[in-house]
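Trainee: attaching a predicted model along with its sequence, questions to come.
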Amino acid sequence: EGELRYQAQDSDSTHILTDEEYTEKARKAVSSLAIKGLFCMGHADGFISASTFSALDEREFEESPVTDPRNTVLAVCYTSGTTGLPKGAEVTHYNYVGCFYTSRQYIHWEDTDVVLGMSPITHQSGMLFSMAGVLDGATVVVTPIMMGPLDIMDTVDKYKVTAAVLFSSQLQGLVREMQRTGRRLPSFRNIAVGGSVLPTSVAEAAREAFAGIQNLLNMYGMTESCGLVTGQSKPGKPHNGTDVGVPGTMVEVKVVDVATGRKLGPHQTGEICYRSMTAVKSYYKRPKETSELCDKDGWYKSGDAGYYDEDGRFYIVDRLKQMIKCMDNQVVPAELEELLLREHGADIAEVSVVGIPHQELGEAPAAAIVLTEEGSRQDRQQLAESIKGTVQRNLAVHKQLYGGVFFVDSLPKTETAKINRSVLARSLIRA
């Protein structure tokens with residue numbers, strides 16, 4: 001309720017449209033706001049059913065012309081808020097049309113495809129890919145958000161889903177459940193993955209788990225880019241790379257030194273910056289944050305650390321704000337997470353490494369771990385020591401888990417299935 005109230009108030013919303021199951025939560029969330037109308041998909045007291053619109057005569061509708069599509073805002077999409085409060089990104093008509101050009105290079109479905117639409121349409125990915133499926137003539141199966149792996153598998157089998165765009169954490173949970181149950185989901189042919197770094201071990205396990213997979217492609221974008229920045233595209237061939245592909249149509253990408261802004265060469269890690277016709281107009285009512293997002297030449301800062309190789313393929317290291325500063329050295333959480341998943345995959349279902357304040361070290365890396373059924377049968381103290389030993393044997397002294405190993409029931413996540421590391425770090429500090 002709090003997040004909905006925050007976004008409705010921050011965006012100056014005047015009307016609310018929601019699903020029937022969320023009507024009571026929506027009513028409470030906006031009860032103190034100046035909302036003019038409440039609408040829902042279905043029926044609920046105090047809400048106007050969206051189905052009543054179908055009885056209206058379209059011939060009586062008046063067109064609302066957009067005279068300046070480049071600057072006229074179509075939607076305000078909120079960022080995931082993994083490192084702070086979500087910010088409203090202003091998407092123009094020009095941005096939205098452009099994103100179909102940049103994404104079509106990587107995501108192109110046929111009219112025989114059945115696409116799984118799991119992302120909420122209030123998020124950039126759900127807004128883009130559901131519409132992209134319709135434009136390609138495919139069938140889009142729109143599901144409730146935050147479905148568990150078993151529900152996903154049942155939906156895939158029921159509707160013979162052939163394609164999907166998944167977040168890395170969703171794919172990881174799905175593959176683990178497929179391994180546990182022995183189900184192969186043979187109708188799946190094409191899966192695109194984005195939202196966060198895809199661990200190599202998860203990608204390899206996915207290629208083995210799906211019976212009929214043709215393409216498992218990494219792609220990279222964010223709310224502020226209103227579409228894809230880079231992506232892999234090798235139709236008809238299984239892709240084995242850990243990169244996130246090459247820049248899309250009408251997209252320029254560079255890597256710069258975080259401190260100096262100097263453009264870097266191949267295999268030099270810095271901040272990824274992009275320039276694109278799809279990049280959002282601004283953050284709504286946040287001129288300071290907008291000025292920090294984009295420079296005078298139109299280059300947008302991604303907030304992600306990464307690099308590119310000699311072939312122009314880009315690689316994501318981690319979020320800059322999620323990097324841990326231990327002993328005056330940078331620690332990449334994804335590196336530790338990949339190691340633990342690879343070496344302790346039978347025991348670890350999910351893992352997230354965050355930095356917690358330390359008087360001497362600056363920040364101490366700490367691992368929050370959700371155990372598998374097999375892992376939950378282990379002695380936790382011994383398992384924690386084994387995990388620390390793995391890190392000690394494989395990584396440098398500043399990358400050790402000085403903050404400890406914490407076994408948790410679940411990891412806090414946003415509605416787009418990303419781990420909310422700021423919430424997680426606060427909970428580990430309290431623990």
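Mentor: All right, it came through fine.

Trainee: which parts of the host helix or strand of A206 are buried?
Mentor: Following DSSP states H and E, the helix or strand that holds A206 is helix 200-209. Taking 16 or more other Cβ atoms under 10 Å as the neighbour-count basis, helix 200-209 is seen to contain the buried residues 201-203, 205-206, 209. Just so you know, the C-beta spots here come from the backbone N, C-alpha and C atoms, and that holds for glycine as well.

Trainee: ok, the residue lying closest to S125 once chain neighbours are set aside - how many residues close by?
Mentor: Nearest in space to S125, with sequence neighbours left out and distances taken as Cβ to Cβ, 6 or more residues apart in numbering, is S119 at 4.4 Å. Burial of S119 is recorded as 27 neighbouring residues (other Cβ atoms under 10 Å).

Trainee: I429 sits in which helix or strand?
Mentor: Here I429, judged by DSSP H and E, is contained in helix 421-430.

Trainee: who touches that helix?
Mentor: With Cβ atoms under 8 Å, 6 or more residues apart in numbering as the contact definition, helix 421-430 has outside contacts at 82-84, 322, 333, 352, 354-357, 366, 368, 403-404, 406, 411-412.

Trainee: where exactly do the strands run in the stretch 251-400 of the chain?
Mentor: Under the criterion DSSP state E, counting those that start in this stretch, the stretch 251-400 of the chain contains strands at 251-256, 270-276, 282-283, 300-308, 314-319, 324-326, 329-331, 348-358, 362-371.

Trainee: could you pull up the mean pLDDT of the last one?
Mentor: Mean pLDDT, computed over strand 362-371, is 97.

Trainee: other residues contacting that strand?
Mentor: Applying Cβ under 8 Å, 6+ apart, the contact partners of strand 362-371 are 324-328, 331, 333, 336, 340, 347-358, 378, 387, 399-411, 424, 428.

Trainee: and it with helix 421-430, angle?
Mentor: 100 degrees (axes from the mean of the first three to the mean of the last three Cα atoms, to 10 degrees).

Trainee: tell me how far strand 362-371 lies from the chain's centre.
Mentor: Relative to the chain's own centre, strand 362-371 is displaced by 21 Å; criterion: Cα atoms, centre = their mean, to the nearest Å.

Trainee: may I see the buried residues of that strand?
Mentor: Applying a neighbour-count criterion of 16+ other Cβ under 10 Å, one finds 363-371 buried in strand 362-371.

Trainee: out of those residues, give me the two with the largest separation.
Mentor: Pairwise distances across those (Cβ to Cβ) peak at 25.0 Å, for the pair E363 and L371.

Trainee: any of the contacts of helix 421-430 buried? List them.
Mentor: 82, 322, 333, 352, 354-356, 366, 368, 403, 406, 411-412.

Trainee: among those residues, name the least confidently predicted one.
Mentor: For pLDDT, the smallest value among these belongs to T82: 65.

Trainee: break this structure down into its domains, please.
Mentor: If the domains of the chain are taken from automatic domain parsing, they occupy 2-60, 73-319, 323-430, with pieces of a single domain joined by a plus sign.

Trainee: which one is the residue most central in space within the chain nearest to, not counting chain neighbours?
Mentor: Nearest to the geometric centre of the chain sits G195, at 2.7 Å (Cα atoms, centre = their mean). Spatial nearest neighbour of G195, excluding adjacent residues (Cβ to Cβ, 6+ apart): F167 at 3.8 Å.

Trainee: ramachandran angles for the one you found?
Mentor: When quoted as degrees, to the nearest 10, the phi and psi of F167 stand at phi -80, psi 160.

Trainee: that one and N218, how far apart?
Mentor: 12 Å (Cβ to Cβ, to the nearest Å).

Trainee: more crowded one of these two?
Mentor: Summary of the neighbour comparison: F167 and N218, criterion other Cβ under 10 Å, with N218 having more neighbours (25 against 21).

Trainee: tell me if the more buried one really is in a strand.
Mentor: Yes - applying DSSP: H, G, I helix; E, B strand; the rest coil, one finds N218 inside a strand.
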